[in-house]
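J.: this is a predicted model, with the sequence first.
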Number of protein chains: 2
Amino acid sequence: MADPACERLALIGVGLIGSSIARAARQFGAARHVAVMDSSQEVVGRAGELGLADVATQDYAQAVRGADLVIVCTPVGACGDVAQSLAPHLEKGAVLSDVGSVKGAVVAQMTPHLTEPARFIPAHPIAGTEFSGPDAGFATLFQNRWCILTPPENADGAAVEKLTKFWMRLGANVETMSVAHHDAVLALTSHLPHLIAYNIVGTADDFGDETRSEVIKFSASGFRDFTRIAASDPIMWRDIFLANKDAVLQMLGRFNEDLSVLQRMIRRNDGQGLLEFFSRTRDIRRSIVEQGQDTAAPDFGRRAEGR
Amino acid sequence: MADPACERLALIGVGLIGSSIARAARQFGAARHVAVMDSSQEVVGRAGELGLADVATQDYAQAVRGADLVIVCTPVGACGDVAQSLAPHLEKGAVLSDVGSVKGAVVAQMTPHLTEPARFIPAHPIAGTEFSGPDAGFATLFQNRWCILTPPENADGAAVEKLTKFWMRLGANVETMSVAHHDAVLALTSHLPHLIAYNIVGTADDFGDETRSEVIKFSASGFRDFTRIAASDPIMWRDIFLANKDAVLQMLGRFNEDLSVLQRMIRRNDGQGLLEFFSRTRDIRRSIVEQGQDTAAPDFGRRAEGR
Ligand SMILES: NC(=O)c1ccc[n+]([C@@H]2O[C@H](COP(=O)([O-])OP(=O)(O)OC[C@H]3O[C@@H](n4cnc5c(N)ncnc54)[C@H](OP(=O)(O)O)[C@@H]3O)[C@@H](O)[C@H]2O)c1
Ligand SMILES: NC(=O)c1ccc[n+]([C@@H]2O[C@H](COP(=O)([O-])OP(=O)(O)OC[C@H]3O[C@@H](n4cnc5c(N)ncnc54)[C@H](OP(=O)(O)O)[C@@H]3O)[C@@H](O)[C@H]2O)c1
């Protein structure tokens, strides 16, 4: 392996993201040695069966020992405990990072346990699917996706450089921003959409059995798109909403305001207002497709089984 | 062509749906002769270039003359005018139908112009994409999708049978229900999801340029799913919300209620409540996939360009 981004990589938590990093690190030569650790014996066993890493263990010390890059890939709510457990075993000079979907709460939970906080460089790869667990991961998950770093003010420059090189090796584009800005932007692009999707699927689920079965039958008319992200891991999303409460509630406030405006237009038969509203939202879709962040194919290019 | 569902088919409006029906009718032998009519000269020209039909015209009389099945495929808001224009030219005994996403308003607009209302069998195929126009159509659009018929109480049995046979020939499953029930179910499965999607994309669009460009960059975190349906045709959707106002406002009321509950859970750090809420929405997704109404592949199986 010529010039890997790190020598010994340790991943704490081997779900969708952890196992994707493990696969990608090997496939794209980002680390010479990969150790994975998970609190679940079943997950560790599965990681072994899948041959995801050189070492798979339930032991923090074993995973972290000798590692020059350690990435925490557990749900956000577990990050504090994880930091406390692994901190005593971290090598001097090791770079520590995470992949949490919220940054403020993760930094607040992890930093107090660290002896070298300047080498803790929080990160968030903007890539995922609705599935979780070690079987769900794949090596190309991060290709042409963004990975956001939120280094502390006094960050160790070499640590930032190392992590940047690592993510670029996995195929990601790297962007740096403040913790607060990250949490505000993601509240809008990710947390609010998930909340809305969970909510609309919940509304449908509240109806009786007959309506529910019709909702399923006729879901191709729009509803099914929401069910995909509303099938995401409940623990992960509970943690995200608790950890990014303020930004989420703020975005939700704006969403509600805008929805009242649309509601009013419908109530008053304001066809012109609706037409204008519905006309301006196409540009964003076009830009997303142009920037390679989604497919241009109709209907996401999906084909249902029967087709 | 052995045993077609109709002899001479006339389609009024040759957009996504009209052109898909034209293609499918030929490919699956559902009609011996196909005439298409559109108010737009450009669309008629394009239908000719694409070879969608035996006849492509801007003239109602020419399209409808001799047809034993006439299907109106214009936006919902145009259906009344269309009915008035074509009624004088309808053959005695011809079956008339439509594909509108709302049924109550379409029936109210069209029926007064008809001399044989018992042979007007409203229909709604639950299939589409975010694109419109004659180039967007394809013959397999209706395969393994539902088509809902809402026949009037005094419907001509032979007319219902003929239309049913037609849609089944196109690959659809046919279900019959009342107009009111259709409009309530679709308000939930289709109209509310589109309203919410338009709204969330609108909320993002309201932010300044910098945020907007970040929303686009980081859209893979959830937001991009909403932009697809929010890129649907503005005229079609204006018409739908005006035509199905009451049912949409009612569903929106329930959605808002439920969203307040989620909002409250977040504000009060009710992790248990959130976890329970997020756990019950997975079943609906599973059923949709099992019934062949969506793909089981992660992330809709899409691959963005860069991947
Ligand atoms: N999924 C996405 O789309 C996505 C995208 C970007 C970032 N993220 C972030 O990535 C992180 C992981 O998400 P994921 O989708 O990979 O989740 P996942 O598939 O559920 O995997 C998380 C793994 O961490 C393990 N774990 C939990 N607590 C632990 C602890 N204290 N010590 C060690 N391991 C522990 C879990 O074990 P158990 O099964 O025993 O709980 C599980 O195997 C989250 O912070 C999430 O916000 C996710
Ligand atoms: N798209 C979907 O996903 C979907 C799914 C199921 C049902 N539907 C329903 O299907 C209908 C058509 O939708 P679509 O997506 O096919 O729309 P579309 O692609 O916009 O096509 C509609 C066509 O009708 C033409 N038209 C408008 N007024 C007319 C008139 N008075 N006489 C003749 N032609 C006229 C339009 O011409 P101009 O270009 O000149 O306006 C256009 O070519 C709507 O009622 C919709 O609710 C749509």
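T.: Happy to help now that I have it. Ligands and ions are numbered 1, 2, ... in the order given.

J.: only alpha carbons, please: show the lengthiest helix in chain A as PDB.
T.: The longest helix of chain A (DSSP state H) is helix A:245-267. Provided in PDB are the C-alpha atoms of helix A:245-267 (Å, rounded to 0.1, in the frame of the first residue of the first chain):
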ATOM      1  CA  LYS A 245     -33.000  20.400  19.500                       C
ATOM      2  CA  ASP A 246     -32.600  24.200  19.200                       C
ATOM      3  CA  ALA A 247     -31.700  24.300  15.500                       C
ATOM      4  CA  VAL A 248     -34.400  21.800  14.700                       C
ATOM      5  CA  LEU A 249     -37.100  23.700  16.500                       C
ATOM      6  CA  GLN A 250     -36.000  26.800  14.800                       C
ATOM      7  CA  MET A 251     -36.200  25.300  11.300                       C
ATOM      8  CA  LEU A 252     -39.500  23.700  12.200                       C
ATOM      9  CA  GLY A 253     -40.800  27.200  13.100                       C
ATOM     10  CA  ARG A 254     -39.900  28.500   9.700                       C
ATOM     11  CA  PHE A 255     -41.400  25.400   8.000                       C
ATOM     12  CA  ASN A 256     -44.700  25.900   9.900                       C
ATOM     13  CA  GLU A 257     -44.900  29.500   9.000                       C
ATOM     14  CA  ASP A 258     -44.400  28.700   5.300                       C
ATOM     15  CA  LEU A 259     -47.000  25.900   5.500                       C
ATOM     16  CA  SER A 260     -49.500  28.300   7.000                       C
ATOM     17  CA  VAL A 261     -49.000  30.500   3.900                       C
ATOM     18  CA  LEU A 262     -49.700  27.600   1.600                       C
ATOM     19  CA  GLN A 263     -52.700  26.500   3.600                       C
ATOM     20  CA  ARG A 264     -54.100  30.000   3.300                       C
ATOM     21  CA  MET A 265     -53.600  30.100  -0.400                       C
ATOM     22  CA  ILE A 266     -55.500  26.800  -0.800                       C
ATOM     23  CA  ARG A 267     -58.300  28.000   1.500                       C
END
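
J.: what residues does the stretch 201-307 of chain A have near ligand 1?
T.: Within the stretch 201-307 of chain A, the positions adjacent to ligand 1 are A:233, A:236, A:240 by Cβ under 6 Å from any ligand atom. The C-beta positions use only the backbone N, C-alpha and C, and glycine is treated the same way.

J.: want to throw the residues you listed into a markdown table with distance to chain B, neighbour count and pLDDT?
T.: Shown next, in a markdown table, are these (distance: Cβ to the nearest Cβ, whole Å; neighbours: other Cβ atoms under 10 Å in any protein chain shown; pLDDT from 0 to 100):
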| residue | distance to chain B | neighbour count | pLDDT |
| --- | --- | --- | --- |
| A:Asp233 | 8 | 20 | 95 |
| A:Met236 | 9 | 21 | 96 |
| A:Ile240 | 10 | 26 | 98 |
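
J.: which of those lies closest to B:Arg212?
T.: Within those, distances to B:Arg212 taken as Cβ to Cβ reach their minimum at A:Ile240, with 22.8 Å.

J.: isn't the closest one right up against A:Pro193?
T.: No. Counting by Cβ atoms under 8 Å, A:Ile240 sits too far from A:Pro193 to count as a contact (11.8 Å).

J.: what's around A:Glu257, how many residues?
T.: Using other Cβ atoms under 10 Å in any protein chain shown, A:Glu257 is surrounded by 12 other residues.
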